[in-house]
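Participant: Structure, please.
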Amino acid sequence: MLLDTLVSVCAIAGLLFLLLAIKRLRHRRFRACAVHGTSSLVLFLAAVAIGLLGANLLTYRRLTHEQPALEAQFKGAGDERYKALLTYPSGETQELALSGDEWQVDARVLKWRPFANLLGFDTAYRLERISGRYTDISHERDRERTVYALNPPDRVDVWTLLRAGRRYVPWADALYGSAVYVPMSDGARYEVVVSQSGLVARPLNEAARQAVGAWK
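Facilitator: Numbers count the residues shown, from 1 in each chain. Next up, the predicted model:
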């Protein structure tokens with residue numbers, strides 16, 4: 001809501017300066033026209049920039065309490081190979097092929113200071129990637145690696161901007177990555193949830209519980 005307000009204010013102010021510039025032009029006051037025209041352009045560019053940042057923030061999900069991020073179900077497809085069916089809270093599904101003994105999900109977390117929370121900036125997260133991994137480090141070096149992005153690349157990335165300008169954004173408290181990994185097994189089903197402390201994976205059926213129980 002705050003970002004929407006800022007976009008509206010900049011756009012309206014830019015329009016007013018544009019109208020003033022047109023008025024000055026009609027009266028042949030070219031210097032004043034140039035000043036008002038430049039001010040209008042700056043305000044319109046600011047509105048666009050704030051709008052792009054807001055759109056990028058929408059790719060992050062607000063986190064006010066622990067909430068589900070995805071469910072994953074696995075089906076064996078050969079030696080150290082599995083088919084993964086991912087189901088998101090929206091109902092959207094995604095099928096992937098993963099190699100390894102375990103699977104890992106990575107996320108980015110944006111955490112704000114309390115006074116920013118009062119303005120509506122709750123802690124937010126975005127799933128970044130999913131990958132297969134091997135228990136044996138030598139296998140990790142030599143065998144097939146599989147990794148998939150869970151979000152498309154951004155033209156405007158809030159994460160990068162905040163990381164580069166932390167000193168100028170005092171209301172940003174923490175930027176950190178969180179990852180969780182558990183074993184893959186034929187028929188295993190897991191739920192990944194996000195809490196204030198990061199990602200948590202929980203088994204949802206007996207096949208997953210047995211895989212975790214036998215994990216070495």
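Participant: C-alpha only now, for contacts and for neighbours.
Facilitator: Noted.
Participant: Quick check: Ala188 vs Asp106, distance?
Facilitator: For Ala188, the distance to Asp106 (C-alpha to C-alpha, to the nearest Å) stands at 20 Å.
Participant: Same check on Leu43?
Facilitator: 37 Å.
Participant: Comparing these two, which residue is more hemmed in?
Facilitator: Set Leu43 next to Asp106 and count neighbours by other C-alpha atoms under 10 Å: Leu43 wins out with 22 against 19.
Participant: residue contacts, Val193?
Facilitator: Glu66, Gln67, Pro68, Ala69, Leu70, Leu199, Val200, Ala201 (C-alpha atoms under 8 Å, 6 or more residues apart in numbering).
Participant: My read is that the first one contacts Ser197, right?
Facilitator: The reference is to Glu66. No: contact criterion C-alpha atoms under 8 Å: Glu66 and Ser197 do not qualify, at 9.4 Å.
Participant: neighbour-wise, which of those two wins?
Facilitator: Neighbour count, other C-alpha under 10 Å: between Glu66 and Ser197, Glu66 has more, with 14 against 9.
Participant: What pLDDT is listed against the more buried one?
Facilitator: Turning to Glu66, the model gives it a pLDDT of 70.
Participant: What sits closest to it if chain neighbours are left out?
Facilitator: Nearest non-adjacent residue to Glu66, counting by C-alpha to C-alpha, 6 or more residues apart in numbering: Ser195, 4.3 Å away.
Participant: In terms of secondary structure, what does the host helix or strand of Leu45 contact?
Facilitator: Under the criterion of DSSP states H and E, Leu45 resides in helix 30-57. Helix 30-57 sits against helix 2-26, helix 158-164, with contacts defined as 3 or more C-alpha pairs under 8 Å, 6 or more residues apart in numbering; DSSP states H and E.
Participant: If I average pLDDT within each of these, which one is lowest?
Facilitator: Minimum mean pLDDT among the helices and strands packed on helix 30-57: helix 158-164, a mean of 59.
Participant: can you pull the contacts of Arg132?
Facilitator: One correction, residue 132 is Gly, not Arg. Gly132 neighbours (C-alpha under 8 Å, 6+ apart): Leu98, Ser99, Gly100, Asp101, Glu102, Trp103, Gln104, Arg145, Thr146, Val147.
Participant: change it to 7 Å
Facilitator: Leu98, Ser99, Gly100, Glu102, Trp103, Gln104, Arg145, Thr146, Val147 (C-alpha atoms under 7 Å, 6 or more residues apart in numbering).
Participant: Ala72 too?
Facilitator: Neighbours of Ala72 in contact, by C-alpha under 7 Å, 6+ apart: Ala84, Leu85, Leu86, Thr87, Arg189, Tyr190, Glu191.
Participant: Ala208 too?
Facilitator: Ala208 neighbours (C-alpha under 7 Å, 6+ apart): Ser185, Ala188, Arg189, Tyr190.
Participant: cool, and Val48?
Facilitator: Per C-alpha under 7 Å, 6+ apart, neighbours of Val48: none.
Participant: Look up how far Leu18 lies from it.
Facilitator: In terms of C-alpha to C-alpha, Val48 sits 16 Å off from Leu18.
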